[in-house]
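Participant: Sequence and predicted model, in that order:
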Amino acid sequence: MDRPDVARGDVDVDDLLKVILVLAIAWLLLEIVDTVLDLTFALLDAIPPLLAIAIVVLIALRLTDRI
């Protein structure tokens, strides 16, 4: 388990680059998820006005005997 020829804090450059790469990928994935969630909530916020417009149009069509 203990390797006497390597100091405890000794880390290869390749291992550090792999850790940084994994962290960068995780950061990008979180940014993408954040963007998707923002778009989803923006669409959900737009539903009530669209529903009100649809109701107004249906009432207007009913009153003008178009339905």
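Facilitator: Right, received. Where do you want to start? Numbers count the residues shown, from 1 in each chain.
Participant: From now on I want contacts and neighbour counts done on CA atoms only, so please keep to that.
Facilitator: Fine.
Participant: Tell me who's in contact with Leu28.
Facilitator: Under the criterion of C-alpha atoms under 8 Å, 6 or more residues apart in numbering, Leu28 has no neighbours.
Participant: Check it and give its pLDDT.
Facilitator: At Leu28, the pLDDT value in this model is 97.
Participant: Against Asp45, how distant is the closest residue in space to Ile67 that isn't next to it in sequence?
Facilitator: Once flanking residues are discounted, Ile67 sits nearest to Leu61: 5.9 Å by C-alpha to C-alpha, 6 or more residues apart in numbering. Distance of Leu61 to Asp45, computed by C-alpha to C-alpha, to the nearest Å: 26 Å.
Participant: show me where the protein has helices.
Facilitator: All helices of the chain, identified by DSSP state H, fall at 13-45, 47-63.
Participant: Tell me where the model's unsure across this protein.
Facilitator: Low-confidence segments of the chain (pLDDT under 70): 1-6.
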